[in-house]
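Participant: Make a model of this:
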Amino acid sequence: MYVTFSSSAQKFLGKYVKQDGKLLLLYDTDGCGCAVNGVPVLHVLSGIGEENLQKIETNSIPLFMYSKHTVFFDELLEIVYQDHKLKLVSKNQIFTHHLQVKL
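Facilitator: Numbering: from 1, shown residues only. Okay, the predicted model is just below:
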C-alpha cells in the first residue's frame, strides 16, 4: 500500500503532526452496525508503540495502519486537502469527502 499526501494536505496536517509525529489510518466501525460498515479516520500518534501496527509507505508524513484494516482500502491512496476538508481517494473511488483527524 502507498499513500500520497498532496502538498495542501501536508500543510494542513502539519499543525497536528509535529516533528517526529505519526498518523494512524483507522477503519472505524464503532456505532456503524457491523464490522464491514465503517469510516476512515486519521489519529495523531504521540508516544504510542508501533508493535501492532503496519507501516504504510508514503511520500511524506509517517503513516501506520492495523493490518486487519488494509482490506478496506485500495493499494494506492491519496489524501488531499480541498475545500477546507481532507479527502481520502483512490483512482477507483472516493473513500470519504471529510476525513476526520483525531488527536
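
Participant: The closest residue to residue 102 other than its chain neighbours: how many residues sit nearby?
Facilitator: Leaving aside its sequence neighbours, residue 102 sits nearest to residue 43 (Cβ to Cβ, 6 or more residues apart in numbering; 5.0 Å). Glycine gets a C-beta too; all of them are placed from N, C-alpha and C. Residue 43 is flanked by 18 other residues according to other Cβ atoms under 10 Å.

Participant: For residue 73, see how far away residue 43 is.
Facilitator: 15 Å (Cβ to Cβ, to the nearest Å).

Participant: Spatially central residue in the protein, please.
Facilitator: Residue closest to the mean C-alpha point of the chain, counted by Cα atoms, centre = their mean, is residue 25 at 3.5 Å.

Participant: Contact partners for that residue?
Facilitator: 3, 40, 41, 42, 56, 63, 64, 65, 69, 73 (Cβ atoms under 8 Å, 6 or more residues apart in numbering).

Participant: If you rank these by neighbours, which is first?
Facilitator: Busiest of those [other Cβ under 10 Å] is residue 63, holding 24 neighbours.

Participant: Identify the bridge partners of that residue.
Facilitator: Counting by DSSP bridges, residue 63 forms beta bridges with residue 23, residue 56.

Participant: Verify the contact between it and residue 3 for me.
Facilitator: Yes. Residue 63 lies in contact with residue 3 (Cβ atoms under 8 Å); the separation is 5.6 Å.

Participant: Find the residues that touch each one of the two.
Facilitator: What both residue 63 and residue 3 touch, as defined by Cβ under 8 Å, 6+ apart, is the set 25, 56.

Participant: So for residue 52, what pLDDT did the model give?
Facilitator: pLDDT for residue 52: 77.

Participant: Would you mind measuring from it to residue 96?
Facilitator: With distances taken as Cβ to Cβ, residue 52 is found 24 Å from residue 96.

Participant: Of these two, which one has the most company?
Facilitator: Looking at residue 52 and residue 96 with other Cβ under 10 Å, you find the greater number of neighbours at residue 96, namely 14 against 10.
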